[in-house]
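# got a sequence here, can you model it:
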Amino acid sequence: MPVLPTGVLEPLWDQFAALLPKHIDTHPLGCHNPRIPDRVVFDHVIAALVHGSGYERIAGPGCSDRTIRRRVTYWAQLGIAEQIHALALHAYDRMIGLEIDELSVDGCITKAPCGGEAAGRSPADRGKQSLKRSVATEGTGVPLGIVSAGANRHDSPLLVPTLKAADEHVGGLPDQANVNLDRGYDSDKTRWALAELGFTGEIARKGVPAPVQAGKRWVVERSHAWMNGFGKLRRCTEKRSRAVGFYLYLSAAIVTLRMLIRRATPRYRWDDRPTTKRLK
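Numbers count the residues shown, from 1 in each chain. As a prediction, this is how the structure comes out:
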């Protein structure tokens, strides 16, 4: 049984396979073991992403942990996950429409017990090695741009790189877009940065209690909760920042694809559309 519903896994793999370059065997004698198919490795990568298991635990006779690790490194160098996410955003924009005039940005700290290039001492977990991801979402919570850093980094310096990542993935954000932020961004530096980008900001004030749903920015909190449903993001054991970015954008693509299927079901009809409203 797949770790993701077929309605999500199959279209994800179809686009993933279309972006992979054709493999050319360069062995001089051609007598080595047959290459493990990309689909087999992809299924193991999805299992590692969802369950958060180490490669040694999910490896089997048909696919070793070294093969999974090498293939993840190769795919991360190609930027496949970022391209998949951009394609999912494009499909969502065509069928549903992205509400990019209202943006929300926030950071989230998760565990990174192995340390690595994107890890740092967590101020909220007794200085343990942790990872911070800064996510920008549109008005309904679709993740647009992601930036990873050490947990000891403040949210405010990550705002501009996150918005630039979102601008790159959607092909350009509109002028005068409104950015909703929590009180951690309440500073003149943040307001100047937004003004330079041509955006307006709705920032919570320090010392003022937030409303129950935190205004318009509750959608980014929900997106963080969805992404924390992936075990690899809750407890990231990757040490290279490229691999961390690969899993972050792959999870963002899955979240976007789930939202697309869920919102397209009552609007469109296709032969293999889900028969239930909830994608289990």
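# got any ranges where this protein has weak pLDDT?
Applying pLDDT under 70 to the chain flags the ranges 1-3, 27-32, 209-215, 276-280.
# strands of that one, residue ranges please.
For the chain, the strands defined by DSSP state E occupy 102-111, 119-121, 129-137, 143-150, 178-181, 200-203.
# need those strands in TSV with mean neighbour count and distance to residue 266, can you?
Heads up, the C-betas are built off the backbone N, CA and C, glycines and all. Formatted as TSV, the strands of the chain follow (neighbours: other C-beta atoms under 10 Å; distance: least, C-beta to C-beta, whole Å):
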stretch	mean neighbour count	distance to residue 266
strand 102-111	22	23
strand 119-121	20	42
strand 129-137	25	22
strand 143-150	24	22
strand 178-181	22	27
strand 200-203	16	31
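# between those strands, which one is closest to residue 78.
Across those, residue 78 has its closest neighbour in strand 143-150 (17.5 Å, C-beta to C-beta).
# run the angle between the closest one and strand 129-137 for me.
Interaxial angle of strand 143-150 relative to strand 129-137 (axes from the mean of the first three to the mean of the last three C-alpha atoms, to 10 degrees): 160 degrees.
# begin at 12 from here
Got it, first residue is 12 now, which makes that one strand 154-161.
# so strand 154-161 versus strand 113-122, what angle?
40 degrees.
# do you know which of the strands of the chain lies nearest residue 282?
Residue 282 lies closest, by C-beta to C-beta, to one member of these: strand 154-161, at 28.6 Å.
# parallel or antiparallel, list what pairs with the closest one.
Strands that pair with strand 154-161, judged by DSSP bridges, come out as strand 140-148 (antiparallel).
# just checking, what packs against the longest helix seen in the chain?
Looking across the chain with DSSP state H, the single longest helix is helix 252-275. Here helix 252-275 touches helix 17-30, helix 49-62, helix 76-89, helix 91-106, strand 140-148, strand 154-161, helix 229-238, helix 242-245, going by 3 or more C-beta pairs under 8 Å, 6 or more residues apart in numbering; DSSP states H and E.
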